[in-house]
Each structure stands twice: as C-alpha cells, then as structure tokens.
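[1] sharing a sequence plus its predicted fold:
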Amino acid sequence: MSVETQKKTMGFQAEVKQLLHLMIHSLYSNKEIFLRELISNASDAVDKLRFEVLSKPELLENNATLKIRIGFDKSSKTVMIEDNGIGMSREDAITHLGTIAKSGTVDFMKNLSGDQKKDSQLIGQFGVGFYSAFIVADKVEVFSRCGGLDSSKGVYWSSKGDGEFEVATIHKADRGTRIVLHLKAGEDEFTNGYHLRNIIKKYSDHIALPIELPKERETTESEEKPIQEWEVVNRASALWTRPRTELKDEEYQEFYKHITHDYENPLTWSHNKVEGKLEYSSLLYVPARAPFDLYQREAPKGPKLYVQRVFVMDQAESFLPMYLRFIKGVIDSSDLSLNVSREILQKDPIIDSMKSALTKRVLDMLEKLAKNNPKKYKDFWKNFGQVMKEGPAEDSSNKEKIASLLRFASTRAQDGEQVLSLTEYLASAPESQNKIYYLTGETYAQVKNSPHLEVFRKKNIEVLLLTDRIDEWLMSYLNEFDGIAFIDVARGDLDLGNLDSEEEKKKAEEVAKSKESLAERIKIALDDAVSEVRVSHRLTDSPAILAIGKQDLGIQMRQILEASGQKIPDSKPIFEFNPAHPLIERLSGEQNEERFRELSYILFDQATLAAGDSLKDPVAYVSRLNKLLVELSV
C-alpha cells in the first residue's frame, strides 16, 4: 500500500478538536478501552459486509473468511487493528473520521464539565469510538478500501490529533480497514502480546468472529525471519448462542455495550432460547437511561436481527410493540429467510408469534426487576415510565400486566418522587373501598392541593395523582385493574359508594334539595359558562369547584389537542358549590342580582384557576376582584 494521489489536509469538526485535546492532555488510568472500541468498530464493519453480501455476493472478492487481526511491533512501537469488513471510501473516511456523528459521542460532549479530572473519567465510560485511539497514540494512520471498489480507490487517512487530518487516495489490494497506532512514549505495554490477549478476553471475548493475535513461538537459529502465524484468542462464537450457565454478568454487560455503544451497564437482561414450533434465541436488555430520541416514535428502533447467526438488520422494529421501543438486544431466528426485508417482516405470521412471545418476555423481565430490585425499577420508571404508559392503548392483550408495572404518585406520598403500584394502592385501601380514585393535572403541587381531594382527606382515602401529559389519555384506556374500576375524582357526580354511610347519603340528598333554588339562581347568573350547577359532595373547605362531564375532555387532553392544532369539541364544566362555606352563605343572602352575578363569576374564575385551567377573560376577573376589595375597604 502506498500514498499516491489527491493528497489533502483538512480540519476536524470543532467538537472533534475539543475531544482530541481532552484525550491527548488527560492522564487517563483505564487506557486499554481504546482496543475495545476499535475492535467493536471492526466487528460492526464485518456485520455490515455480511448484510450487503446477501444481495451482492461479489463484495466478498474471494476473501470470505471474515476476521479481525491485532498486530504489534515493539521496534516501531506500533499497534495494528485490521478487519476485512465493508471498508471505507475516501468520502466515508472524511465523513466518519473527521466529524462526530455517533449519538453516544454527542452525549459525551454534552457531559463535559471543563474539569479535566472528571472529564478524563468520562472517556472510560463512553469509550467514544475511534477517537479513543489518541489516548495511547500520538499518530493514527488508517488504510481502507470499500468492498466493491477498484483496488486503486483505497483511502489513506492520518492525524496527529492536532486539529487536522490528512487524506489521500491509495492502492489497496484487499477490502477492509487497517488502523496503525504510533504509540506515545511510555505506552510500550501495548506491544506485549500477553497484555493484548488479556484485554481482548476482558472486553471482546463475546465478538462473534475470530480475533487473531500473532502466535508466540521461539525461533530457531536456522530461521532468518520467522513466518508469521496467527491464533484466535477469543471464543469467536455468538454470545447469545451459548448456554446461560456458561456466561458471567460481566460478559452480558460487555456484549450490551458492544451492540449499543452505551457506556453504562444495562439495568437488567433476559436471555432465552425457544425450541419447538418456532426456533429462535433472544437476548434483550433494559438500558440504564433513556436515549435522546426516545420520544421520536418515527426514529429507528428495535433489536438487531440475525438469521442463523448471520446479521440481517440493525433495528428490527417488527418484533416488539412501540411502547417497548427502548429495549435493546439481539434476536436470532432459524425460521426466517436470509433475504428477509422490512416489508416481508411486516407480513410474516411467524413474526406475530415471535412478537407476542417476546413482548411477554420483556414484561416478565420488568415484573421480575420490580419485585427483586425496587430501587432499580424506580430508576427504570423515571426514564421509561411515560413510554410504558402508551402500553394499555397499544397492547390490549397485555393491558392488565402493563397496568401492574405502572407507577403513580399519590396523596400519601411526601413528594412527587415517591411512587407506588396499583397492587400496593389496593393493599392499603380500606375494605369498604371498591374503587381506585385518581386525579389528573399539570403539576404535583397543583393536584396535591386540589379542592377535589378535600372529602378524601377527611375520610383518609388515598388518591392517585397523575401529572404526565399522557395520563388522561392513558386513563381513557385503563378502565379497571384487578376487577376494580378507576374513578376520576374531578369527573361527573362523585359517588363514594360504600365509603359513605346511608346516613351521610341521606343527609347529602336533603342538603341538595334545600339548595335547589340557590343552584338555579347561580346557573342563571353564570348563564352559558357552565352546563350545570349543583351542591358538591367533594368539598369541605373550599367554596366551589369545577367538575368535568363524564363524556367531556379534561384539561390535559384539551391542551394536547390545542397544541397539535386539532379542533376541540365544545364542552362546559359543572359548577359545584359548598353550601356550608361562609362565602356561599354570603352569596345566598345577596339581594342585588348584579352584585350576585359578579360574586358568582369571581367564584367561578377561582374554581377555574384551582382546576389548573386558564381564564378566558383574566381582565374581567381582576376588575371584579378589585371592585370587591374596594367595597370591603370602605
């Protein structure tokens, strides 16, 4: 290989310069991760070739034994990582090696604090791919040729990590990529075969293709120059095909990092092999944190798909429902064709069976995590709870199981961070309670202090407090749990069932009947601002509240529809008043109808604000309130 034509010096992207400066000038203790990252990249390149070869077998170029080789030279102080994967064109090298594109590296840049000691520790967590080579090297050279291109269209790339890189067109006979690291002073340990072997076993034993090192042997006096022999130093078998009893947690964790480029260990995983009518293996992981594109439903998602251990698809979205889009991992099927495509997957009945089984496996995995490690499950819920709430609408067959995995804040919690399951809620409820009560709103503080909860505080009944934007939509699909119905405490005519004694019910009816004329008078005053006026059974301290009609949209849903530009159905709230409150007694005694109307609207606007809604005419409210304050001060 030799540098030939179109030699050009170019500048790195600004973020790459920042990253290289940090790596070159940081004293980093765990330098060996550079090898893990470069081997992982080489493995990805081979996987991409395997996928392309399905439709373009000519890309193999009579070089079908796919592998990775790690070489070293003590005299020149160099380390070489070589693969015969898909390779790079000149344009690929400029794009991929001069610009940060990988999401994990972008996350790394966002986490930089400016503290060199802390930032150097981040390198070990993220790995940051190709650029980690500059942890140990003061110069990096790359020789590559993309499969299918003529041997005269190879590319040479080199940089000293000083803000610039050099690129040229070269002649390269073999497909693939060769990276040569010129080690910094003091990094001689990486020219030790025994040390390299240990690093590979530690980080890359799971790589499903051979990783070769030079075979160490003694030379004889008759040999002028020994013939280089290579030996495989990793298991070179797909990790998911091995028995679970043979695998250690560390191996599962390293494999997760390899397939996801994540820097953290997963929260949990499930490894399973299915035999019988369908035959497939699955290794599914729950990440420790949410990816940046979690709420972009159109973004690529799903586990990697292999067919008979041959890589076919990077993100096979057909195997899990949308609400489980955060799950990472590998599926290896023996029942699918090697020429499978996304279109075929969508129509194949085998996929439906596998999707159903894999979905249940994930839900079982989450159930086990919640039971055995509540602290980890709480972390999971913080990251993925809102996505899980999409489940009851999308997956009716697993609605009850999904519901058991949901977590909610409640009136008994000290703050919005403390959450409980529906099972825990029912376990602590009194025997006479035969409903699950909840209230939706914008913030925890708003719903916790809502007047709708006054009667529940009086009776010491726990109410679930739902403040995610998706919650009202969720509850429209979640009608009951374990045979017990959900009741929105702000909707319709509140029925406390067995929580009210017969005496309390009778007394409430008598009070409502005695205040019918006042209710009618308030309805006339408020006119078309409300659909109904009635005595409230919810209130003990506040003068009035607004209830939502049984079939009407709540505040959350109205705001979501408004934000999306959709038309909102006309609806009016129900005005409920507390007949025992001094303000209502004062209102009842008001003889001046105009003043009665003004006071009624003040109470209506206050109830609107307490419900978390905005006033249609805030200026009118302020004017009425100021007028009242002036009258009281006279």
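    Sure, I can see it. Nothing here was measured: the structure is a model prediction, and the numbers come from that model.

[2] give me the nearest residue to Tyr280, chain neighbours excluded.
    The spatial neighbour of Tyr280 that comes closest, neighbours along the chain excluded (CB to CB, 6 or more residues apart in numbering), is Ser333 at 4.3 Å. All C-beta atoms are positioned from the backbone trio N, CA, C, and that covers glycine.

[3] over to Asp471?
    Nearest to Asp471 is Thr440, by CB to CB, 6+ apart, at 5.0 Å.

[4] give me phi/psi at that neighbour?
    Taking degrees, to the nearest 10, you get phi -100, psi 160 for the backbone angles of Thr440.

[5] I'd like the distance between it and Asn84.
    To Asn84, Thr440 is 58 Å away according to CB to CB, to the nearest Å.

[6] and Leu239, what does it touch?
    Leu239 is in contact with His206, Ala208, Leu247, Glu251, Tyr252, Phe255, Leu283, counting by CB atoms under 8 Å, 6 or more residues apart in numbering.

[7] give me that answer again for 6 Å
    For Leu239, the contact set (CB atoms under 6 Å, 6 or more residues apart in numbering) comprises His206, Phe255.

[8] and the pLDDT at it?
    We have a pLDDT of 90 for Leu239.

[9] do the same with Val535
    For Val535, pLDDT reads 92.

[10] distance check, it against Thr5.
    90 Å.

[11] the more surrounded of the two?
    Val535 (21 against 9; other CB atoms under 10 Å).

[12] distance check, that one against Gly193.
    87 Å.

[13] let me see the contact set for Ser600.
    With the criterion set at CB under 6 Å, 6+ apart, Ser600 makes contact with Ile522, Ala525, Leu526.

[14] next one: Arg407
    Trp381, Val419.

[15] one step back: need phi/psi at the residue nearest to Tyr280.
    Dihedral angles (degrees, to the nearest 10) for Ser333: phi -110, psi 140.

[16] burial measure for it, as a count.
    Residues near Ser333, counting by other CB under 10 Å, number 23.

[17] how many neighbours does Lys202 have?
    Neighbour tally, Lys202, other CB under 10 Å: 14.

[18] and if you look at Asp541?
    Asp541 has 12 nearby residues by other CB under 10 Å.

[19] following element in sequence after the lowest-mean-pLDDT helix or strand in the chain, please.
    Here the helix or strand of the chain ranked lowest by mean pLDDT, DSSP states H and E is helix 116-126, holding a mean of 50. Downstream of helix 116-126, the next assigned helix or strand under DSSP states H and E is strand 137-145.

[20] what's the first helix or strand after that following strand?
    Counting by DSSP H and E, what follows strand 137-145 is strand 154-159.

[21] tell me the helices and strands packed up against that following strand.
    Applying 3 or more CB pairs under 6 Å, 6 or more residues apart in numbering; DSSP states H and E, one finds that strand 154-159 contacts helix 90-98, strand 137-145, strand 164-171.

[22] contact partners for the spatially most central residue of the chain?
    Centroid-nearest residue in the chain: Ala290, 3.0 Å away (criterion: CA atoms, centre = their mean). Contacts for Ala290 (CB under 6 Å, 6+ apart) come out as Asn383.

[23] that one: what secondary structure?
    Following DSSP: H, G, I helix; E, B strand; the rest coil, the label given to Ala290 is coil.

[24] and it, how far is that from Phe326?
    Distance, Ala290 to Phe326, by CB to CB: 7 Å.

[25] one more: Ala14?
    Taking CB to CB, one finds Ala14 at 31 Å from Phe326.
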